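Chemist: starting from these lines, generate the structure:
(4 chains)
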2 protein chains.
Amino acid sequence: MMTMLQAYNVYEDRCPTRLVLDRLADKWALLILDRLESGPVRFNHLRRDIKGISQKVLSQTLKKLERDGLLSRAVFATVPVTVEYTLTPLGRTLTQTVAALAHWAEHNMDAVLAAQEAYDTAPSAR
Amino acid sequence: MMTMLQAYNVYEDRCPTRLVLDRLADKWALLILDRLESGPVRFNHLRRDIKGISQKVLSQTLKKLERDGLLSRAVFATVPVTVEYTLTPLGRTLTQTVAALAHWAEHNMDAVLAAQEAYDTAPSAR
DNA sequence: AAACATGGTTTCAAGTAGATACTATAGGAG
DNA sequence: CTCCTATAGTATCTACTTGAAACCATGTTT
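Modeler: Okay, here's the model as predicted:
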């Protein structure tokens, strides 16, 4: 299948890639995708693992990611119904990049915190 | 310098990496960092290149990125004053990952749009 | 004098996120 | 029988953030 890569440009306002970037440039979406890398996870399990996310935002974010084809939703008719979220192959192509971003944050925290402190205590007029 | 990598965990609510992820999980910040990869750019040049960004948001985002030590701000006393923004070495370590994310969006647009259409036209109860 | 360029700040309306409470179903404890 | 637990969400209300537009200060061009 041939694709015209030049037809898409994230810098353009009306380019559909902006819609995708909007979705990816979302703290919760990144954390969810990263968390799903190791296998399927249930709703409340995600809620407990990703500290600070609310039920509403988790629900909304999962719905958007499913709509984008990045993860799939499987319902099991267990006693309290179980819902499992799994990365799709498309979603799987993303996680490596996403993980790199999340892990950059972990590795470069010290430098960023130092920069913030230097900035905040700088004597120059700001 | 030894760092305790295990001390940081993006899934934890109060972990400082969350602050960094908040910054990176920002559409405009990603676009700015990506745009600066090829060299220093002036304020209004960024504004024109990144279609749809407002002056206020550009100004605020640049300030945050400068505070985080990801880019530096240089003022030149030209006739209308010129301000140039440049990636710092720290910022430079990020751009490859950021570029990968932006370019994932460009490469996988077709699949995402197809998934959205399939989702929206699905007969299943949603 | 009016328009335009620079790099911003201010203001205000509108949209979004978060906290909390609520729904529905069914098993087990008392 | 009633209460508490668990599941996976939805509804509501408030507080914050975003975006659009106007404004500011300077100086050069028309």
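
Chemist: CA only for contacts and neighbour counts going forward, please
Modeler: Fine.

Chemist: what about A:Gly52, which SS state?
Modeler: coil (DSSP: H, G, I helix; E, B strand; the rest coil).

Chemist: count the neighbours of it for me.
Modeler: A:Gly52: 13 surrounding residues under other Cα atoms under 10 Å in any protein chain shown.

Chemist: what of A:Ala7?
Modeler: By other Cα under 10 Å, neighbour count at A:Ala7 equals 8.

Chemist: same check, this time on A:Tyr85
Modeler: Neighbours of A:Tyr85 (other Cα under 10 Å): 20.

Chemist: same thing with A:Leu24?
Modeler: 22.

Chemist: swap in A:Ala77?
Modeler: By other Cα under 10 Å, neighbour count at A:Ala77 equals 8.

Chemist: then A:Leu21?
Modeler: 23.

Chemist: mind listing what it touches?
Modeler: By Cα atoms under 8 Å, 6 or more residues apart in numbering or on different chains, the contact set of A:Leu21 is A:Val10, B:Lys27, B:Ala102, B:Ala105.

Chemist: just flag the most distant two among these.
Modeler: By the measure Cα to Cα, B:Lys27 and B:Ala105 form the most distant pair in the contacts of A:Leu21, at 12.0 Å.

Chemist: in three-state terms, label A:Ser72 for me.
Modeler: strand.

Chemist: isn't it right next to A:Pro89, touching?
Modeler: No - counting by Cα atoms under 8 Å, A:Pro89 is not a contact partner of A:Ser72; they are 10.0 Å apart.

Chemist: neighbour-wise, which of these two wins?
Modeler: Shown here are A:Ser72 and A:Pro89; by other Cα under 10 Å, A:Ser72 has more neighbours (19 against 12).

Chemist: beta partners of that one?
Modeler: A:Thr86 (DSSP bridges).

Chemist: which residues of chain A fall in helices?
Modeler: Secondary structure of chain A (DSSP state H): helices located at A:17-24, A:27-36, A:43-49, A:55-67, A:89-121.

Chemist: just to revisit the earlier point, when B:Lys27 and B:Ala105 are compared, which one has more neighbours?
Modeler: B:Ala105 (25 against 19).

Chemist: which pLDDT value belongs to that one?
Modeler: Note for B:Ala105: predicted pLDDT of 85.

Chemist: and what of the one 3 residues further on?
Modeler: Predicted confidence (pLDDT) for B:Asn108: 91.

Chemist: same thing with the one 3 residues further on?
Modeler: You'll see B:Ala111 listed with a pLDDT of 93.

Chemist: stretch A:60-78: end-to-end distance?
Modeler: 23 Å (Cα to Cα, to the nearest Å).

Chemist: okay, now A:Asp22: neighbour count?
Modeler: 14.

Chemist: quick check: it vs B:Asn108, distance?
Modeler: 14 Å.

Chemist: which residues touch the residue nearest in space to the middle of chain A?
Modeler: In chain A, the centroid-proximal residue (Cα atoms, centre = their mean) is A:Leu30; its distance is 1.6 Å. A:Leu30 sits next to A:Leu24, A:Val98, A:Ala102, B:Ala25 when contact means Cα under 8 Å, 6+ apart.

Chemist: out of the contacts of A:Leu21, which comes closest to A:Ser38?
Modeler: Among the contacts of A:Leu21, and counting by Cα to Cα, the member closest to A:Ser38 is B:Ala105, at 22.6 Å.

Chemist: isn't the closest one up against A:Tyr11?
Modeler: No - when contacts are counted by Cα under 8 Å, B:Ala105 is not listed as touching A:Tyr11 (11.7 Å).
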